[in-house]
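Asker: need the 3D shape of this:
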Amino acid sequence: MAILDLHRLHVLREVGRSGSLTSAAAALSFTTSAVSQQIAKLEQEMGVVLIERHPRGVVLTEAGHALLHYADEIDRTVEAARAEMGEFAGLRRGQLRLGTFPTVGASLMPDVVLAFRARHPEVAVTVVSARRDGLLERLRRREIELTLLWDYPWQQIDDPDLTLVRLTNDPTVLLVPRDHPIADLGSVRIGSLSDQEWVVRDEHPVADVLSRVCRDAGFEPRIAFAANDYQETQGMVAAGIGIALAPRLALTALRPDVVAVPLAGSPKRRILLAHLANRRLSPAAQQAAEVFRSIAKGRPS
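Answerer: Sure thing, here's the model as predicted:
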């Protein structure tokens, strides 16, 4: 079956409106011969006569009127499609699907979502939180379009399928009780803490950080408590069970009886914005990426 040429339907509409091939040609900036050829090709494609020629002009046949009715419907559909695509491009509708991990899900991500919604209130925003492997899987399945990721210098993400943008560096800090002797120090070196007991996140990257920095300083940390989250970590630190390490971005809700002390030479994790390298970002995701960069730029690193 022949493909219906929308351009020729437009010519047919103008011929039907003007009742003359010459007038239609003038309106369309065509020659009369070109208009006649377009109508003839359309009749050939449809297999029916669409116009009748008379001494004083042309009129549409019954088939011509019927086809013109469909042409009007097609035009309305095309215009509606253009308008809807314009809404997506202009961020007057659509959906933005983001990924995050817990420590920035309570710090950086809320600021980004608030700023994006303030600029583009008609775009629906959804956020999923997961560990790094889960975020990468969702990204590859295209369940999310942008995601926050992290890595440390000894375990940097190197994946040719991803486009990565470093947003900021997140330093590791030391958590101690407010009445601890080092709570008021400007900074502390890990080597001076070999006699301390430690609260550590159970099966968490910060546990690996603790092991690495202590071994580099020549000692093994003595673990007093394995916590499930950073709030529990802070509670045990406040109770004097031990001191702890934490990424600074994990401390948006720092207890008043716990102090975060800078750790000299501490490892910094990169906070990254990632998307699939072979996926063209939607207008919403492009704008979101700008918001991520702007929010991250305003934070110390």
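Asker: name the nearest residue to residue 247, sequence neighbours excluded.
Answerer: Leaving out its chain neighbours, the residue that sits closest to residue 247 by CB to CB, 6 or more residues apart in numbering is residue 170, at 4.8 Å. Where you see a C-beta, it was placed from the backbone N, CA and C, and this is true even at glycine.
Asker: what segments of the stretch 101-250 of the chain are strands?
Answerer: Counting by DSSP state E, counting those that start in this stretch, residue ranges of the strands within the stretch 101-250 of the chain are 124-129, 146-151, 162-177, 197-201, 222-227, 244-247.
Asker: of those, which stretch is the most buried?
Answerer: Among the strands of the stretch 101-250 of the chain, strand 244-247 has the highest mean neighbour count (mean count of other CB atoms under 10 Å), at a mean of 24.
Asker: what pairs with that one, and is each one parallel or antiparallel?
Answerer: Strand 244-247 pairs in its sheet with strand 162-177 (antiparallel), by DSSP bridges.
Asker: hey, which helix is longest across this protein?
Answerer: When the chain is parsed with DSSP state H, its longest helix is helix 62-89.
Asker: hang on, the earlier thing: distance to residue 13 and mean pLDDT added to the strands of the stretch 101-250 of the chain, as TSV?
Answerer: Listed next are the strands of the stretch 101-250 of the chain as TSV, based on distance: least, CB to CB, whole Å; pLDDT from 0 to 100:
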stretch	distance to residue 13	mean pLDDT
strand 124-129	38	94
strand 146-151	44	97
strand 162-177	46	96
strand 197-201	69	96
strand 222-227	72	96
strand 244-247	65	96
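Asker: mind putting those into CSV with distance to residue 254?
Answerer: Conversion of those to CSV gives the following (distance: least, CB to CB, whole Å):
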stretch, distance to residue 254
strand 124-129, 21
strand 146-151, 20
strand 162-177, 8
strand 197-201, 15
strand 222-227, 15
strand 244-247, 9
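Asker: about what we covered before: list the beta-bridge partners for the residue nearest to residue 247.
Answerer: When assigned by DSSP bridges, residue 170 has beta-bridge partners residue 269.
Asker: now do the contacts for it.
Answerer: The contact partners of residue 170, taken as CB atoms under 8 Å, 6 or more residues apart in numbering, are 150, 247-249, 268-271, 301.
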